[in-house]
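In: Model the structure of this input:
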Amino acid sequence: MSLGLIIPAYDAARTLPAVLERVPPEVDAQVQRRWIIDDGSRDRTRQVARQLARRDPRTVLLVHPRNLGYGAAMKTGLAAARRAGVEVAVGLHADGQYAPEVLGGLLRALRREALDLLQGSRIASGTALSGGMPLYKYIAGQMLMLLENRVFGLSLTDYHSGYLLYGRRALEQIPFERLSDSFDFDLEVIASARARGLRIGERPIPTHYGDELSHLEPVGYGLRVLRVMLRYLRGGYDSTAA
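Out: Below you'll find the model as predicted:
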């Protein structure tokens, strides 16, 4: 299997090298490319990424001259993954919040269950609160999850981790370029996959909230989530939608 790692990075100079070091050797052996997208960082993220690229020719730095948003960074990486023709792409956050150590199990689940899209779930692992997720985020997430399952006709426990694995059909069929530049990008990916009848699943992942700096504004994000659901109900993510 040819694997591509997409690493959106904003002010992540301190955490970025460790994220790549934590990828298990058996997974790293399958990696064809590692795209680091510097999304207009103000720290030394770009310089650190260049150092990593010099050490490993599979690492490619893609630069946004100014900060365009998490979704925009993912779109740049996914476009590169499409051009490279990888079989599976993984969105791996540069702050280290989502464990690279579990990638092997996630990849095996993707293959074993013939999934097109796999979401890592902090809730299914039972580690959300013990891993430091703020209580207000947990409660809000549970409320949104009930509504999201009803809207999308799924039975996921976590729509918002951002730890997503994209199979070949997802890479080929989802119109990433039409989706949000912000943090609701991942939910729009799920909505688009569901509208196209792609196979979506989840697997538990550990939860870790350390001293990472969050750039997500919760109220605005919650409103965007509701907008995604409304758009889905109106057919806005169908393959025929503009």
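In: Three-state assignment for the closest residue to Gly141 other than its chain neighbours, please.
Out: Distances taken as Cβ to Cβ, 6 or more residues apart in numbering put His160 closest to Gly141, at 6.2 Å, once the chain neighbours are dropped. Bear in mind the C-beta positions are built from the backbone N, C-alpha and C, glycine included. Following DSSP: H, G, I helix; E, B strand; the rest coil, we place His160 in the coil state.
In: For the protein, name the helix or strand with the lowest mean pLDDT.
Out: In the chain, no helix or strand scores lower on mean pLDDT, DSSP states H and E than helix 135-152, which sits at a mean of 84.
In: what helices or strands is it leaning on?
Out: helix 185-195, helix 218-233 (3 or more Cβ pairs under 8 Å, 6 or more residues apart in numbering; DSSP states H and E).
In: Of those helices, which stretch is the most buried?
Out: helix 185-195 (a mean of 23; mean count of other Cβ atoms under 10 Å).
In: Determine the set of other helices and strands touching the next helix or strand after that helix.
Out: Following helix 185-195 in sequence order, the next helix or strand is strand 200-204 (DSSP states H and E). When contacts are defined as 3+ Cβ pairs under 8 Å, 6+ apart, strand 200-204 sits against helix 103-112, strand 117-121, helix 185-195.
In: what's the closest of those to Arg22?
Out: Arg22 lies closest, by Cβ to Cβ, to one member of the helices and strands packed on strand 200-204: helix 103-112, at 9.2 Å.
In: quick one: Val63 is in a strand?
Out: Yes. Counting by three-state DSSP, Val63 is found in a strand.
In: give me the beta-bridge partners of it?
Out: Val63 has these beta-bridge partners by DSSP bridges: Asp38.
In: So it versus Tyr221, what's the distance?
Out: 26 Å (Cβ to Cβ, to the nearest Å).
In: And for Arg227?
Out: On the measure of Cβ to Cβ, Arg227 and Tyr221 end up 11 Å apart.
In: Check Gly167 too.
Out: For Gly167, the distance to Tyr221 - Cβ to Cβ - is 26 Å.
In: need the helices and strands packed on strand 200-204 in CSV with mean pLDDT and distance to Glu217, can you?
Out: Shown next, in CSV, are those (pLDDT from 0 to 100; distance: least, Cβ to Cβ, whole Å):
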stretch, mean pLDDT, distance to Glu217
helix 103-112, 97, 28
strand 117-121, 96, 22
helix 185-195, 98, 15
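In: closest one to Leu147 among the ones you listed?
Out: That would be, of the helices and strands packed on strand 200-204 and by Cβ to Cβ, helix 185-195, which comes in at 11.7 Å.
In: returning to that earlier point: Serialize the helices and strands packed on strand 200-204 to TSV and add fields for distance to Leu171.
Out: Below are the helices and strands packed on strand 200-204 laid out as TSV (distance: least, Cβ to Cβ, whole Å):
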stretch	distance to Leu171
helix 103-112	12
strand 117-121	10
helix 185-195	11
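In: For Asn149, find the nearest of these.
Out: So among those, helix 185-195 is nearest, using Cβ to Cβ, at 11.1 Å.
In: What lies in contact with the closest one?
Out: 70-71, 74-75, 91, 116-117, 119, 148, 152-154, 159-162, 164, 166, 170, 173-176, 179-180, 200, 225, 228-229, 231-232, 235, 237-239 (Cβ atoms under 8 Å, 6 or more residues apart in numbering).
In: Write the ChimeraX selection for whichever of those are buried.
Out: Buried residues among the contacts of helix 185-195 (16 or more other Cβ atoms under 10 Å), as a ChimeraX selection:
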select :70,71,74,75,91,116,117,119,148,152,154,159,160,161,162,164,166,170,174,176,179,180,200,225,228,229,232,237
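In: From one end of stretch 59-76 to the other, what's the distance?
Out: 15 Å (Cα to Cα, to the nearest Å).
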